[in-house]
Structures are given as structure tokens and as C-alpha cells.
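**Student:** Give me a 3D structure for the following:
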Amino acid sequence: MNIEEQAAISQRIGQWVETHRDEAIELLKRLVQTTSVNNPPTGDEAACQQVIADWLTDAGATAETYALADVPGLQEHPAYMSGRDYNNRPNVIGTFAGSGGGRSLLFSSHIDTVYEGTETWTHGPFAAEVVDGRLYGRGSYDMKGGLAASMIAAKALRELGIRLRGDIRIESVVDEEHGGANGTLAGRLRGDNADMAVIPEPSNLRMYPAHLGGGIWRASFTGRSGIAWGGEKLVSALEATVDFARLVREFGEFRKRRDTPPAWWQNGSKPAEVAIMSISSGDHARELQEKVPATGELSFWIEGYPGQTGDELLADLMAYYETRLDNYPALRSCRPTIVPLIRYLSASEMPADERTAEFLSIARAAGSRAIGSEPLPDVGAPFACDGFMFHLYSATPALILGPEGANAHAPDEYIDLDSYLKLIRWYAEMAVDWCGLQSD
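**Tutor:** Purely as a prediction, here's the structure:
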């Protein structure tokens, strides 16, 4: 394909996206309005997965819905996380078949969302309300927007009669949130792979060839409760819990001073961090507490870089803990018992080889045409995701690229609709250049 042909195809794709703007927004609205909340160990993704499967079929894809329980070797795989219920929680895979001889491209998205929360929303969490160029709703940004963009992009190429040599595959998996990723693993083991993959997590139209890892642990404290009227020696689990929260936060700052982030996180991306997720102590059934609390617990999140394990991060924290006991005396007499609450989501990165280099070059050039300017430099994603299931357990590299927006996992989550339309065009142009035209 020469420059003139490429420019002509790019113009046709851009015009199609503009004239089908309402259709693209309506698809995204429908996905947001069809709830697919993950409530471990279960989830209600089935209805939304059926919407996706039906839409893919109507758009000309060969679509298949399958149960995770039917994937051979899934539960025996070392990366499988037990304790989840996958009854009526299917995956969906759709294929827009090429003419043959080209390279395949897989768009892999998770359909599950976190729940709407207890905070007040200005716009209904499942209303998919459009205001001032933003579509609000749970999952609009993370990550139904990217999923819908990949679906519309494939349809655009088909309706334009742009026949590709390689296949475009669109995958919608369950149970990515809350440390899941078993749905993503199922797709890899089933063979729903490709020469290259795109994960449409929200990246704000920036290419992420790598992503952070992360895990959540719970620290529990047991002290000696009561009121020291008779000289009893009390041990406040509440004080120990609060001190441990301070120590964990201090550990996060210590890591930033001590560690030099890998190259992907040195040019404008957020480095690995530590956060307190919850804290509790005492008898919450009573308005007033009559004694020093005997128990306390908190949960915390630690992020890591490629090559680090959850066990290594926890050991690093506890080694730091031992050096700080003079500053936190409550932690000498009331030490934590720590257990993981989710699997550790390993950090990972695309392999540094010729295939990756060529794909990143193609993706960047397609992005320049789609958004009208040079994309920002590639960096590592400032979050954990299921990309490690590709890089560690399959031969398919995966680039993270998704829309602009804000408030993921928070009230008034939204996607910027202008970025959504640009992303559709970006995906379509990327597919043309990677999969190849039938006439080539």
C-alpha cells in the first residue's frame, strides 16, 4: 500500500466514523446501561456479554460464547486464581475473518466493572447520560468505551469494503476486576490468540507497552482489651493498626527515594505506589466503645514493576518494618498477621523484538492520522491489569491503548466522546496497516 492509497483509506475511515457518530455512541450507551458488575466471587456479566455476542454476529463476525468451565486445563493452570464462581459468566470471542495470509489482531477487553459504590453520583451510574461531550456511567471509561471502539472499528472496515488479509478478533472477558484475570487466561488457553493484541484499558490516547503490577493484602492485629483500672497491661490493637498504616505509607515514600523506576516509568508515567485501602477496629455494632479495642485490621495495596513478585514486595515491606520499630512502639507488642486478599497481578511488558518494534511504529503512525497530531511518547501504564496473561502465558504481545476520561472506580466515571471517536479511527487504521489489505 503506497502513501496515496493509505491517505485515501484514512480519509474514508474518518468520514465513516463521523457519519456513524450516533451509532457508535448508542452502542456505548447500551453497554453502560446493561450492568455487568463484578461482586466476587460472582458477577452479573451475562446479559452484557449476550448484547456483545449478538451485536458482533449482526455486524458480520463469527461470534462464540463459551463457559470458563469448558476450557481444558484452566483450573489446573498455575496462574488460575481459585475461589471464584463462573456459573453463567461466559466469555465472548468474535472473529472478522480476513482473506488469508495476513497478520491477525486481537482486541481484548474485560466486560466486568466495579460496583457503583455508596457515594453520591451527579449522573446516574447506569444512565449513560451525555453532558458536554462526556458520557457518564460505571464502566464507560474502564473499559466499555475501549471495547465499543474496537467493535465499531471492525464494523467500519467491513461496511467500507476494506478487506483485510489478517483476522480481526474481538474478545470480551469476565472477571478482570478485583484481582481476577481468569477470563483472560481462559482465552489464552483456548487458543483465542493473534499475532498482536490491543488491550483497550483507558490510557488517555497514550500507548502503554508495559504496565504495573499490584496486590492487596490484609494486616490483622490482636491486642489485649479492657480498661486498666487495676494496673492491667493493655495492648491497643487500634493504635497498632493506625501505626501500621503510617508505616505502610512511609514505606511507599521510602521506595520512591530508594528505587529507580524502569525506563517505561521515567518519562511522565506514575511510578509504583503504596496505598491504604481500608481500616477498621473496635465493635462497629455499638455507638460507644467501653474499652481499648482488642482487634484491628487494614488492607493495603502495593504496586510493583516487571520481574517483581508479590512475595518479594511483601518481604521488602516487612524488612522495612523491622527497621522502624523504635518509631512505632505499638508494633513491637502487637505485630500483624498478613494474608493476601487477591492474587498478585504481575507487572509485564511487550517483548523488545522486531515484531513489537514494527507494531508500535504502525500504531504510532495510525494514531497520528487518527488524532491529527503525534501521540505522546510511549510510557508504562500507571496501573495493573490483565496484560500479564498475554506476556507471561501466551506468545501474543499486548499493547494497552484506550480512550480519555476520568473517575475510574469512582462516582461520575466518564469517557470523553471526542477521544472515543478518535480511538475508533485509530483502531481501524491500525488494523489496516497491521493485518494488510487483500490487494497487497
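
**Student:** Ser36 touches Val114, doesn't it?
**Tutor:** No: in this structure, Ser36 sits apart from Val114 without contact. The criterion is CB atoms under 8 Å, and the distance is 10.5 Å. Where C-beta positions appear, they are placed from N, C-alpha and C, glycine not excepted.

**Student:** More neighbours: which of those two?
**Tutor:** Here Ser36 and Val114 are set side by side on neighbour count (other CB atoms under 10 Å), and the busier one is Ser36, at 25 against 17.

**Student:** Got the phi and psi for the more buried one?
**Tutor:** Per-residue torsions, Ser36: phi -150, psi 50 (degrees, to the nearest 10).

**Student:** And the pLDDT at it?
**Tutor:** According to the prediction, Ser36 has pLDDT 98.

**Student:** Enumerate every residue touching it.
**Tutor:** Taking CB atoms under 8 Å, 6 or more residues apart in numbering as the definition of contact, the neighbours of Ser36 are 43-45, 47-49, 111-113, 139.

**Student:** make it 10 Å
**Tutor:** Contact criterion CB atoms under 10 Å, 6 or more residues apart in numbering gives 43-49, 51-52, 89, 110-113, 138-139, 144, 172, 174 as the residues in contact with Ser36.

**Student:** Can you list which of those are found in strands?
**Tutor:** Mapping these onto strands (DSSP state E) picks out 43, 110, 172.

**Student:** Name the nearest of the residues you listed relative to Phe126.
**Tutor:** Distance from Phe126 was checked for each of the ones in strands among the contacts of Ser36 by CB to CB. The minimum falls on Gly43, at 15.2 Å.

**Student:** Now do the same for Ile95: helix, strand or coil?
**Tutor:** Wrong residue type there; residue 95 is Thr, not Ile. Look at Thr95: counting by DSSP: H, G, I helix; E, B strand; the rest coil, its state is strand.

**Student:** okay but it is in contact with Phe107, surely?
**Tutor:** No: contact between Thr95 and Phe107 fails when scored by CB atoms under 10 Å: they sit 11.2 Å apart.

**Student:** Now do the shared contacts for those two.
**Tutor:** Between them, Thr95 and Phe107 have 154, 168-171, 194 as joint contacts when contacts are counted by CB under 10 Å, 6+ apart.

**Student:** Contacts for the helix-or-strand element of the chain with minimal mean pLDDT next, please.
**Tutor:** None of the helices or strands of the chain scores lower by mean pLDDT, DSSP states H and E than helix 330-333, at a mean of 92. Residues outside helix 330-333 that contact it (CB under 10 Å, 6+ apart) are 221, 223-224, 233-244, 246-247, 321-322, 324-326.

**Student:** Now that helix - C-alpha only, CSV.
**Tutor:** C-alpha atoms of helix 330-333 as CSV (Å, rounded to 0.1, in the frame of the first residue of the first chain):
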residue,chain,number,x,y,z
ALA,A,330,2.9,-0.3,69.5
LEU,A,331,4.0,-2.5,66.7
ARG,A,332,6.6,-4.3,68.9
SER,A,333,3.9,-5.7,71.2
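
**Student:** Now do it: distance to the chain's middle.
**Tutor:** Here helix 330-333 shows a centroid-to-chain-centroid distance of 37 Å under the convention CA atoms, centre = their mean, to the nearest Å.

**Student:** Enumerate the positions of that helix that are buried.
**Tutor:** Residues of helix 330-333 classed as buried under the neighbour-count rule (16 or more other CB atoms under 10 Å) are 330-331.

**Student:** now do the same end-to-end measure for stretch 106-119.
**Tutor:** With CA to CA, to the nearest Å as the measure, stretch 106-119 spans 36 Å from end to end.

**Student:** buried set for that stretch?
**Tutor:** Taking 16+ other CB under 10 Å as the basis for neighbour counts, the residues of stretch 106-119 that come out buried are 106-114, 116.

**Student:** Can you give the strand pairings for the very next helix or strand once past the least confident helix or strand of the chain, parallel or anti for each?
**Tutor:** Using DSSP states H and E, the next helix or strand after helix 330-333 towards the C-terminus is strand 337-340. Strands adjacent to strand 337-340 in the sheet, as given by DSSP bridges, are strand 210-222 (antiparallel).

**Student:** how far off strand 210-222 does the helix or strand following the partner strand point, in degrees?
**Tutor:** Past strand 210-222, heading to the C-terminal end, the next element that is a helix or strand (DSSP H and E) is helix 237-258. If you take axes from the mean of the first three to the mean of the last three CA atoms, to 10 degrees, helix 237-258 sits at 150 degrees to strand 210-222.

**Student:** between Ser36 and Val114, what contacts are shared?
**Tutor:** 138-139.

**Student:** So, low pLDDT: which residues of the stretch 151-300 of the chain?
**Tutor:** Regions of the stretch 151-300 of the chain meeting the criterion pLDDT under 70 cover residues 225-232, 234-235, 284-291.

**Student:** please redo it, this time with the cut-off set to 80
**Tutor:** By pLDDT under 80, the low-scoring segments of the stretch 151-300 of the chain are 223-235, 282-292.

**Student:** Next: the stretch 1-150 of the chain.
**Tutor:** 1.

**Student:** For the stretch 251-400 of the chain, which segments are assigned as strands?
**Tutor:** 274-281, 295-304, 337-340, 348-349, 380-384, 398-400 (DSSP state E, counting those that start in this stretch).

**Student:** can I get those in a markdown table with mean neighbour count and distance to Thr57?
**Tutor:** Putting the strands of the stretch 251-400 of the chain into a markdown table (neighbours: other CB atoms under 10 Å; distance: least, CB to CB, whole Å) gives the following:
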| stretch | mean neighbour count | distance to Thr57 |
| --- | --- | --- |
| strand 274-281 | 15 | 40 |
| strand 295-304 | 21 | 39 |
| strand 337-340 | 12 | 40 |
| strand 348-349 | 24 | 33 |
| strand 380-384 | 23 | 32 |
| strand 398-400 | 25 | 25 |
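
**Student:** quick revisit: I'd like the buried residues of stretch 106-119 as CSV, with distance to Lys256 appended.
**Tutor:** Output for those, formatted as CSV (distance: CB to CB, whole Å):
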residue, distance to Lys256
Leu106, 35
Phe107, 34
Ser108, 32
Ser109, 32
His110, 29
Ile111, 35
Asp112, 32
Thr113, 31
Val114, 27
Glu116, 33
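
**Student:** closest to Gln11 among the residues you listed?
**Tutor:** Within the set of those, Phe107 lies nearest Gln11; the separation is 23.2 Å, counting by CB to CB.

**Student:** And the closest one, how far from Met389?
**Tutor:** 15 Å (CB to CB, to the nearest Å).

**Student:** count of neighbours near Gly133?
**Tutor:** Residue crowding around Gly133 was assessed by other CB under 10 Å; the count is 12.

**Student:** hmm, back to that, turn the strands of the stretch 251-400 of the chain into JSON lines, including distance to Pro125.
**Tutor:** Below are the strands of the stretch 251-400 of the chain laid out as JSON lines (distance: least, CB to CB, whole Å):
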{"stretch": "strand 274-281", "distance to Pro125": "21"}
{"stretch": "strand 295-304", "distance to Pro125": "23"}
{"stretch": "strand 337-340", "distance to Pro125": "29"}
{"stretch": "strand 348-349", "distance to Pro125": "31"}
{"stretch": "strand 380-384", "distance to Pro125": "21"}
{"stretch": "strand 398-400", "distance to Pro125": "25"}
